[in-house]
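> sequence first, then the predicted structure:
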Amino acid sequence: RIGEDQKSDMNEEEPEVRLDPNQHVHGEWSEMLITVGRTTKLWRGGRLESYRALVIGGNTNGCGGFGIGKSWDPVLAVDVAGRNCKKNIFFVDRYQNDGITR
């Protein structure tokens, strides 16, 4: 049987915060939306619009990536591009821990 003091301890546990697995390796990650483009295709029933988004991201410490996402909705295209950005990671050599290599 659980005592009253143990019951209160069980209720006070904080929920576990889920982090992106890349955040452990690469540090804080920030993203920037570069462009959202709209394409239109004329079809028998009317116009079909689709959107394409380009997002770049990085940790400002030599690790970066870019992603392109396509969807029928611009918000979804940006979300897909952000996910693809984290999949397409590349590393840049630093020059004296200040800038990129020349």
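Arrived safely. What you see is a predicted model, and the numbers here were worked out from it, not measured in a lab. Residues are numbered from 1 along each chain as shown.
> what lies in contact with stretch 50-70?
If you take CB atoms under 8 Å, 6 or more residues apart in numbering as the criterion, stretch 50-70 is touched by 26-39, 41, 71-74, 76-94. Backbone N, C-alpha and C define where each C-beta goes, glycine included.
> again, but for stretch 72-89
20, 22, 26, 29, 31, 33, 36, 38, 49-57, 63-71.
> once you drop chain neighbours, what's closest to Leu33?
Using CB to CB, 6 or more residues apart in numbering and skipping residues adjacent in sequence, the residue nearest Leu33 is Val55, 5.6 Å away.
> count of neighbours near that neighbour?
For Val55, the neighbour count with other CB atoms under 10 Å is 25.
> tell me the bridge partners for Gly57.
Counting by DSSP bridges, Gly57 is bridged to Glu31, Gly65.
> next structured bit after the top helix by length along the chain?
In the chain, taking DSSP state H as the definition, the longest helix is helix 74-87. Downstream of helix 74-87, the first helix or strand assigned by DSSP states H and E is strand 89-91.
> paired strands for that next one, with orientation please.
Partners of strand 89-91, by DSSP bridges, with direction: strand 63-71 (antiparallel).
> what comes up buried for the partner strand?
Cys63, Gly64, Gly65, Phe66, Gly67, Ile68, Gly69, Ser71 (16 or more other CB atoms under 10 Å).
> just give me the closest of the residues you listed to Gly45.
Ser71 (19.6 Å; CB to CB).
> what bridges to that closest one?
Ser71 has the following beta-bridge partners by DSSP bridges: Tyr51.
> what of Thr40?
Beta-bridge partners of Thr40, as defined by DSSP bridges: Glu49.
> pretty sure it contacts Gly46?
No - with contact defined as CB atoms under 8 Å, Thr40 does not count as touching Gly46 (10.1 Å).
> pLDDT weak spots in this protein?
Scanning the chain for pLDDT under 70 picks out 1-27, 97-102.
> if you set the cut-off to 50 instead, what comes out?
For the chain, the stretches with pLDDT under 50 are 102.
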